[in-house]
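**Q** Only the shape, not the letters, is given here:
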């Protein structure tokens with residue numbers, strides 16, 4: 001019996017293991033450069049395709065004759081469908097592979113955005129934007145899994161950081177490019193430009209992203225999936241962290257959705273290009289997520305998370321000012337606090353989940369995007385009935401709710417995995 005447990009190790013088996021390890025993509029190789037260009041491009045395009053409509057909402061109101069709450073559906077419908085679809089995208093990629101799903105997601109999304117630029121009615125435009133939520137889900141849900149499987153451990157952090165950087169810059173770039181294009185042409189041209197950029201990114205993924213080597217095909221089992229999601233709710237901290245994702249994104253997207261309406265109107269009367277340029281404060285979030293995440297790692301997440309909501313609350317208050325510079329500073333503070341809070345909360349979810357870590361992350365993202373969908377649309381009613389003071393007051397209530405939960409989480413007992 002003792003002999004049956006022994007595993008013989010010889011030179012040939014060690015050499016085979018070395019070959020397997022060496023097949024992971026490492027820093028400094030041509031494959032690594034091609035992979036990171038493809039991943040950065042895909043992240044940039046995905047979030048550009050998603051958020052390009054945000055600065056165009058006043059143009060939708062004018063062109064289709066809809067109010068602010070209805071116009072916000074151009075983003076809220078997409079993120080709502082995206083939230084649900086992301087729960088299943090990972091399981092689908094387990095069956096069909098990482099690169100095929102990522103490529104199909106990006107190519108399909110780019111085509112839908114191009115079609116939306118030609119939509120004749122508001123209803124048809126919204127139908128296309130809802131379908132976009134389904135096609136977009138395949139890339140963010142699968143890309144991080146691809147990176148963790150195919151990139152060597154020594155190069156993993158750099159590759160993941162570059163992909164996330166592409167996400168943030170894509171969110172900013174989509175707003176900036178569409179605002180500039182709309183100012184010099186029309187919203188249809190602006191949306192079409194973003195669609196073309198998506199097609200270009202699809203080509204870079206097709207040509208540059210290596211096929212998965214370490215992917216293992218697995219069949220999805222619905223009962224096991226449901227049981228895994230159900231186990232998350234028995235934890236004393238995870239449901240509260242899911243709520244934090246909802247409130248963080250809800251407050252953030254509310255301010256970003258409707259600030260264009262305010263700044264395009266008197267007394268500011270800014271152009272679409274100038275409003276789009278204000279979204280460059282998004283770059284603050286790239287540094288905030290890394291810095292606040294590092295600070296939370298040193299001091300503890302429970303001691304730092306609440307401070308991000310205080311920063312967001314101060315930012316919301318500044319946007320109520322009549323000074324343009326104060327409003328821009330408020331948006332910058334809101335952005336800093338949001339990215340910091342999102343970085344801390346999402347990493348806390350991964351650390352706290354003892355089992356079903358992937359499912360915990362998926363449900364956090366589900367809550368996160370539902371915050372964009374539901375809370376973002378309700379913000380339109382606040383704008384319609386209360387103007388900017390209504391929007392700021394509504395966003396402040398969401399932030400205060402997040403702050404209350406963050407203070408509650410300070411007393412949370414660490415999970416077994418965190419210990």
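**A** Received it, and whenever you're ready, just let me know what you need. If you're wondering where the values come from, they're calculated on a predicted model, not measured in any experiment.
**Q** Rounded mean pLDDT for the helix or strand containing residue 36, please.
**A** Using DSSP states H and E, residue 36 sits in helix 30-51. For helix 30-51, mean pLDDT is 87.
**Q** Give the buried residues for it.
**A** Neighbour-count burial for helix 30-51, with 16 or more other CB atoms under 10 Å as criterion, is recorded at 32, 34-51. C-beta here means a position set from N, CA and C on the backbone, and glycine is covered the same way.
**Q** Let me see the residues that make contact with the helix or strand just after it.
**A** The element immediately downstream of helix 30-51 (helix or strand, assigned by DSSP H and E) is helix 57-64. Residues outside helix 57-64 that contact it (CB atoms under 8 Å, 6 or more residues apart in numbering) are 53, 66-68, 70-72, 74-75, 121-122, 125, 182, 186-187, 257-258, 260-261, 264, 272.
**Q** Any of these buried? List them.
**A** Applying 16+ other CB under 10 Å to the contacts of helix 57-64 flags 53, 66, 68, 70-72, 74-75, 122, 125, 182, 187, 257-258, 260-261, 264, 272 as buried.
**Q** Show only the entries of these found in helices.
**A** In helices, judged by DSSP state H, the following of these are found: 68, 70-71, 74-75, 122, 125, 182, 187, 257-258, 260-261, 264, 272.
**Q** ok, those residues vs residue 380, which is closest?
**A** Nearest to residue 380 out of those is residue 68 (CB to CB; 4.5 Å).
**Q** circling back to that earlier point, so what secondary structure elements neighbour the helix holding residue 36?
**A** Helices and strands touching helix 30-51, by 3 or more CB pairs under 8 Å, 6 or more residues apart in numbering; DSSP states H and E, are helix 73-96, helix 98-116, helix 122-136, helix 138-150, helix 156-184, helix 187-208.
**Q** Return the set of buried residues in the first one.
**A** For helix 73-96, burial by neighbour count (16+ other CB under 10 Å) applies to 73-83, 85-94.
**Q** Tell me what angle that helix forms with helix 98-116.
**A** Here the directions of helix 73-96 and helix 98-116 differ by 150 degrees (axes from the mean of the first three to the mean of the last three CA atoms, to 10 degrees).
**Q** Could you do the last one as well?
**A** Relative orientation of helix 187-208 and helix 98-116, computed by the same axes, to 10 degrees: 160 degrees.
**Q** how much space is there between residue 331 and residue 408?
**A** Using CB to CB, to the nearest Å, residue 331 is found at 28 Å from residue 408.
**Q** The two - which one has more neighbours?
**A** residue 331 (23 against 13; other CB atoms under 10 Å).
**Q** which residues touch the closest residue to the more buried one other than its chain neighbours?
**A** Using CB to CB, 6 or more residues apart in numbering and skipping the chain neighbours, the partner closest in space to residue 331 is residue 281 (5.5 Å). Going by CB under 8 Å, 6+ apart, residue 281 touches 328, 331, 332, 335.
**Q** For the last one, grab the count of nearby residues.
**A** When counting by other CB under 10 Å, one arrives at 26 neighbours for residue 335.
**Q** go on, the third one?
**A** Other residues near residue 332 come to 20 when the count uses other CB under 10 Å.
**Q** ok, now residue 129?
**A** 23.
**Q** thinking again about what came up before, make TSV from the helices and strands packed on helix 30-51 and add mean pLDDT and distance to residue 299 to it.
**A** Below are these laid out as TSV (pLDDT from 0 to 100; distance: least, CB to CB, whole Å):
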stretch	mean pLDDT	distance to residue 299
helix 73-96	85	31
helix 98-116	93	36
helix 122-136	96	35
helix 138-150	75	26
helix 156-184	77	21
helix 187-208	94	38
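**Q** Pull the distance from stretch 327-344 to the chain's centre.
**A** Centroid displacement of stretch 327-344 relative to its chain, using CA atoms, centre = their mean, to the nearest Å, is 15 Å.
**Q** can you check stretch 65-77 too?
**A** 20 Å.
**Q** Tell me which residues are up against it.
**A** 50-51, 53-54, 56-58, 60-61, 64, 122, 125-126, 129-130, 133, 253, 257-258, 261, 372-374, 376-377, 379-381, 383-384.
**Q** Then stretch 376-388?
**A** By CB under 8 Å, 6+ apart, the residues outside stretch 376-388 that reach it are 67-73, 75-76, 79, 250, 253-254, 257-258, 261-262, 319-320, 390-391, 393-395.
**Q** Return the set of buried residues in it.
**A** Buried-residue list, stretch 376-388, by 16+ other CB under 10 Å: 376, 377, 378, 379, 380, 381, 382, 383, 384, 388.
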